[in-house]
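>>> The sequence isn't on hand, but the structure is:
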């Protein structure tokens, strides 16, 4: 029993380490691609890769902050050129990128706050909005700002099911290889049934969680 528990803990530790490394290096790669595209003034594609660099967020890494700063400056550059629609779209991408990585907390609060202020200002300045929302500029801005600041968190139960299901089916897959497969590539019937059944159960929990986040 002790060996069984140690194997599970080791599998989880390896899984977490590999996941963190993948997130870190994928984020670095996306940031590098974005910088290359930005240097060629291909901002449309650069924005996509900056967004992905933020989404590969891992606590302690500077990648997301660097990508966010670049997106923010691109939006300000669009604003200076009177390209308000492009600036607004870029801010929405920056804001949404951090929201898409939320778990028990929301990273990038500084950037979300800046985007909320800018987006509310641009939306309130839109002549079409002035016709649709017949209020003063400040009242329109405050109205949009209130909407943007409204927190719409994902389902806690769905998030827990997703996490439990994901780590469960990965751990079962690893344990199947260690416990159910013999050195001659054969199968041990009882462990094979136990771990394959557990794998399917956790996989189903993972899918259920993703549909209910």
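Good, I have the coordinates. Note that the structure is predicted; figures quoted are calculated from it, not measured.
>>> Can you tell me how far the residue nearest to residue 68 when sequence neighbours are not counted is from residue 101?
Closest residue in space to residue 68, ignoring its immediate chain neighbours: residue 111 at 4.6 Å, by CB to CB, 6 or more residues apart in numbering. In this view, the C-beta of every residue, glycine as well, is placed from N, C-alpha and C. As judged by CB to CB, to the nearest Å, residue 111 and residue 101 stand 12 Å apart.
>>> More neighbours: these two, which one.
Set residue 111 next to residue 101 and count neighbours by other CB atoms under 10 Å: residue 111 wins out with 22 against 18.
>>> And the host helix or strand of the residue nearest to residue 68, how far out from the chain middle?
Secondary structure from DSSP states H and E places residue 111 in helix 109-125. For helix 109-125, the separation from the chain centroid amounts to 20 Å (computed by CA atoms, centre = their mean, to the nearest Å).
>>> Show me what that helix packs onto, helices and strands only.
helix 63-80, helix 84-99, helix 137-149 (3 or more CB pairs under 8 Å, 6 or more residues apart in numbering; DSSP states H and E).
>>> Export these to a markdown table and append columns for distance to residue 165 and mean pLDDT.
A markdown table is the format used below for the helices and strands packed on helix 109-125 (distance: least, CB to CB, whole Å; pLDDT from 0 to 100):
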| stretch | distance to residue 165 | mean pLDDT |
| --- | --- | --- |
| helix 63-80 | 26 | 95 |
| helix 84-99 | 22 | 94 |
| helix 137-149 | 32 | 89 |
